[in-house]
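[1] Okay, structure incoming, though there's no sequence with it:
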């Protein structure tokens, strides 16, 4: 691994050094910045791929051209390899995705160029990310180990409890993580609804993550108020109404967002940048720039849903059209 100061998405005419000003003469040299954080508790994994470059010209006159930021998705191939014991076990192709829309701005593109796989991450493997331009032959590679052990399937199957002190007896141990796991020391917490979706042909594990501005864990855990009304509103706004789908709530996990060492270094360096033109990054790749690392949602409370909560999810004013089963397991 190495620390670089890279210019991402922006273009500059000169770079300051201790002795001389350096002026780039190699225009449009092929380089990429790739961002990918694996999470074994996510239902999908994404890699964002963008060009990076230096030019002598006016930055804004170059930024208006779409190919100054993005490469043609038909030329870029992104593969996630699974390794164990020094042997390649499997390869997962990431397909182009438009799940993340870009806001209007200087750069000419309607969306972020991301690549996606719906395959769940297996904590028993190490992973290698390979990004290749099949037209030019350019290739870059990054490696990472997985943080955490309890994946999404485990979260659906494990025992849940009404009281957080009961769950704490069975909370996951993370021997490879040196940071704190005390909830009051985290400013990023997630309240995640685990639920199943049923169609005529499939049963799908689904999650809905709520990141409130305040800590939802401070709400009293009572029959009448396991979850705040804002959570039910969020469900109604973010789960699509579909009369052909039935749903069943499983539990609510309250989670902490923890990062592996590489991702933590990258975030700290990015936050310390004193100019929007210079973005220091901790590169995970053999060339180019960006980060390939792991993030983990650590469950500090797996909350079992009480009958009153299941009734509210099924019949409440914000969620009644979502077709969730009630406390008796029946749909309306």
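    Received it, and whenever you're ready, just let me know what you need. Keep in mind the model is a prediction, meaning the values are calculated, not measured. Numbering: from 1, shown residues only.
[2] and the closest residue to residue 36 other than its chain neighbours, bridged to which residues?
    Closest residue to residue 36 apart from its sequence neighbours, by CB to CB, 6 or more residues apart in numbering: residue 47 at 3.9 Å. Using the backbone N, CA and C atoms, a C-beta is placed for each residue, glycine as well. Counting by DSSP bridges, residue 47 is bridged to residue 115.
[3] which residues touch residue 47?
    Counting by CB atoms under 8 Å, 6 or more residues apart in numbering, residue 47 makes contact with 34-36, 78, 80, 94, 114-116, 129, 131.
[4] can you pull the buried residues of stretch 251-259?
    Residues of stretch 251-259 classed as buried by neighbour count (16 or more other CB atoms under 10 Å): 251-256, 258-259.
[5] repeat for stretch 300-316
    By neighbour count on 16+ other CB under 10 Å, the buried set for stretch 300-316 is 300-306, 309-310, 312-314, 316.
[6] Could you pick out which of those are located in strands?
    With strands taken from DSSP state E, the overlap with the buried residues of stretch 300-316 comprises 300-303.
[7] returning to that earlier point: farthest pair within the buried residues of stretch 300-316?
    300 and 314 (27.0 Å; CB to CB).
[8] gap between residue 314 and residue 204?
    When distance is defined by CB to CB, to the nearest Å, residue 314 is 19 Å away from residue 204.
[9] Also residue 100?
    To residue 204, residue 100 is 21 Å away according to CB to CB.
[10] So what pairs up with the residue most central in space within the chain in the strands?
    The centroid of the chain falls nearest to residue 37 when counting by CA atoms, centre = their mean (6.2 Å). Under DSSP bridges, the beta-bridge partners of residue 37 are residue 293.
[11] my read: it touches residue 291, true?
    Yes: taking contacts as CB atoms under 8 Å, residue 37 lies within contact range of residue 291: 7.1 Å.
[12] Now list whatever residues contact both of the two.
    Here residue 37 and residue 291 share the contacting residues residue 263, scored by CB under 8 Å, 6+ apart.
[13] Helix or strand next in line after the host helix or strand of residue 156, which one?
    Here residue 156, judged by DSSP states H and E, is contained in helix 152-157. Remark: after helix 152-157, the chain's next helix or strand is helix 164-168, criterion DSSP H and E.
[14] From the chain's centroid, how far away is that next one?
    When distances are taken as CA atoms, centre = their mean, to the nearest Å, helix 164-168 is centred 27 Å away from the chain's centroid.
[15] How about stretch 180-188?
    That offset, for stretch 180-188, works out to 19 Å (CA atoms, centre = their mean).
[16] Now that stretch: buried residues?
    Within stretch 180-188, the residues that qualify as buried by neighbour count (16+ other CB under 10 Å) are 183, 186.
[17] How about residues contacting that stretch?
    By CB under 8 Å, 6+ apart, the surrounding residues in contact with stretch 180-188 are 174, 189, 211, 215, 217, 254, 256-258, 298, 300.
[18] Stretch 159-169 now?
    With CB under 8 Å, 6+ apart, stretch 159-169 has contacts from 170, 217, 221, 251, 254, 300-306.
[19] let's see 7 Å
    Contact with stretch 159-169 is made by 170, 221, 251, 301-304, 306, as judged by CB atoms under 7 Å, 6 or more residues apart in numbering.
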